[in-house]
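>>> Pasting the sequence and the predicted model now:
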Amino acid sequence: DFDVLVVGGGPAGAAASIYAARKGLNTGIVAERFGGQVADTVGIENFISVQYTEGPKLVNSLEAHVREYNVDIMNNQRAVTLRKDGKVQLELQNGAVLKSKTVILSPGARWREMNVPGEQEYRGKGVAYCPHCDGPLFKGKKVAVIGGGNSGIEAAIDLAGIVEHVTVLEFAAELRADAVLVKKANSMGNITIITEAQSTEVTGDGTRVNGINYTDRKTGDKHHIELAGIFVQIGLVPNTEWLRGAVELSPRGEIIVDERGQTSVPGVFAAGDATTAPYKQIIIAMGSGANAALGAFDYMIRN
Ligand code: FAD
């Protein structure tokens, strides 16, 4: 039996397990794939105090740091259910049931993809999902943002300050973003918003993105825009489907946490991109993992 069982081996889970182990707690970490989204990232320039690193390198350092402590790492294991009766019981896909006094959920999230030709081929070569991360790589260039919801319009406003020009392509006839954001976007001289635009293909020269094809859904006309980057902003989906009914989730499926990282279930904490934390970044996920581990420690000394 564990004192603290962490679900997820991304930056949030790694930080949580180190903080828990450093309190002398018997700690385990269950991860479907250690490293999480960081393993899929090429350049990282905003992990403060490290001017530049790459995803796989950061994953190696995360794992090495966790291995400095007596943490039971169960990699390539997927958690499928969680329930609490007395202790928290976590069932894995392989049938094993792990018991722990506290659990820290950090299963992360995944970007919703366009599912058009070229998207996978040019991922990290012009196709991007995170304006905070990759925006500066497109300084002075033309980019598109796919999606006219709040995250799409926020991304367009953010990018407009860095790049030469932003075209927003929205599938629906109306933007779903808040009116203040749309107003701000319209006031910037270098954002063009096109609605009823169905993105159909990411084009490239074999090594990098050079444009996007879309169809005007009203007229059926096909268009091509030349550009250097495409930011896909059609949703970040938390990996919490398996937690429905077990802990309270927001309408978007994010785990609702308080300032100590505690969920609706006493003794069950959560951290990182899977939670209601508004901004999703490595450094923020790590901070929230540390916070949740301290929350779990505090809970244990009181119960
Ligand atoms: P994740 O990194 O998503 O990790 C989740 C972990 O949980 C994984 O180990 C996963 O396998 C595991 N898991 C999920 N479900 C289960 C389950 N049921 N059972 C067991 N394990 C499970 N942020 C930056 O700050 N700077 C950047 O430059 C940057 N670039 C990015 C580039 C890309 C392409 C992407 C996708 C993201 C980028 N981000 C960047 C965002 C950053 O990666 C995330 O904010 C961060 O990884 C979130 O950490 P996390 O620990 O909450 O979740």
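Everything's here; your move. Residues are numbered from 1 along each chain as shown.
>>> I'd like to know how many residues surround E226.
Other residues near E226 come to 10 when the count uses other CB atoms under 10 Å. To be clear about C-beta, it is placed using only N, CA and C from the backbone, and glycine gets the same treatment.
>>> Does it touch N210 like I think?
Yes - between E226 and N210 there is a contact under CB atoms under 8 Å: 6.4 Å.
>>> Pretty sure V38 sits in a strand.
No - under DSSP: H, G, I helix; E, B strand; the rest coil, V38 sits outside any strand and is assigned helix.
>>> ok, A39 to I162 distance?
Separation of A39 from I162 (CB to CB, to the nearest Å) stands at 27 Å.
>>> and the helix or strand hosting I29, what other elements does it pack with?
I29 belongs to strand 27-31 when elements are defined using DSSP states H and E. Where contact means 3 or more CB pairs under 8 Å, 6 or more residues apart in numbering; DSSP states H and E, strand 27-31 is packed against strand 2-7, helix 11-21, strand 71-75, strand 97-105.
>>> give me that answer again for 10 Å
For strand 27-31, the elements it packs on are strand 2-7, helix 11-21, helix 55-67, strand 71-75, strand 87-92, strand 97-105, judged by 3 or more CB pairs under 10 Å, 6 or more residues apart in numbering; DSSP states H and E.
>>> how about those in TSV, adding mean neighbour count, mean pLDDT and distance to A277?
Compiled in TSV, the helices and strands packed on strand 27-31 are given as follows (neighbours: other CB atoms under 10 Å; pLDDT from 0 to 100; distance: least, CB to CB, whole Å):
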stretch	mean neighbour count	mean pLDDT	distance to A277
strand 2-7	28	98	16
helix 11-21	29	98	9
helix 55-67	16	97	19
strand 71-75	17	98	23
strand 87-92	18	98	22
strand 97-105	23	98	13
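>>> which one of these lies closest to the ligand?
Judged by CB to the nearest ligand atom, the one of these that comes nearest to the ligand is helix 11-21, at 3.3 Å.
>>> Which elements pack onto that closest one?
By 3+ CB pairs under 10 Å, 6+ apart, helix 11-21 packs against strand 2-7, strand 27-31, helix 55-67, strand 71-75, strand 97-105, strand 268-270, helix 282-302.
>>> Buried residues, the longest one. List them.
Of the residues in helix 282-302, those scored as buried under the neighbour-count criterion (16 or more other CB atoms under 10 Å) are 282-297, 299-300.
>>> what does stretch 140-151 give?
By 16+ other CB under 10 Å, the buried positions in stretch 140-151 come out as K142, V143, A144, V145, I146, G147, G148, G149, S151.
>>> Relative to the ligand, which of those is nearest.
The closest of those, once distances to the ligand are taken by CB to the nearest ligand atom, is S151, at 13.2 Å.
>>> any idea of the pLDDT on that closest one?
Reported pLDDT at S151 in the predicted model: 93.
>>> so it sits in a strand?
No - S151 sits outside any strand when classified using three-state DSSP, being helix.
>>> OK, contacts around it?
Contact partners of S151, counting by CB atoms under 10 Å, 6 or more residues apart in numbering, are P131, V145, R176, A177, L181, F231, Q233, I234, G235, L236.
>>> cutoff 8 Å now
Q233, G235, L236 (CB atoms under 8 Å, 6 or more residues apart in numbering).
>>> E248 and the ligand, how far apart?
E248 sits 18 Å away from the ligand when distances are taken as CB to the nearest ligand atom, to the nearest Å.
>>> Numbering from 32 from now on, please.
That works, and once the first residue is 32, the last one we named lands at E279.
>>> got the contact list for that residue?
Each residue near E279 by CB under 8 Å, 6+ apart is listed here: I286, I287, T294, S295.
>>> can you list the residues you listed in CSV and add pLDDT, neighbour count and distance to the ligand?
Converted to CSV, the contacts of E279 look like this (pLDDT from 0 to 100; neighbours: other CB atoms under 10 Å; distance: CB to the nearest ligand atom, whole Å):
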residue, pLDDT, neighbour count, distance to the ligand
I286, 98, 27, 11
I287, 98, 14, 15
T294, 98, 24, 15
S295, 98, 14, 18
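>>> any chance of those in JSON lines, plus distance to T271 and secondary structure?
Shown next, in JSON lines, are the contacts of E279 (distance: CB to CB, whole Å; DSSP: H, G, I helix; E, B strand; the rest coil):
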{"residue": "I286", "distance to T271": "6", "secondary structure": "strand"}
{"residue": "I287", "distance to T271": "11", "secondary structure": "coil"}
{"residue": "T294", "distance to T271": "11", "secondary structure": "coil"}
{"residue": "S295", "distance to T271": "13", "secondary structure": "coil"}
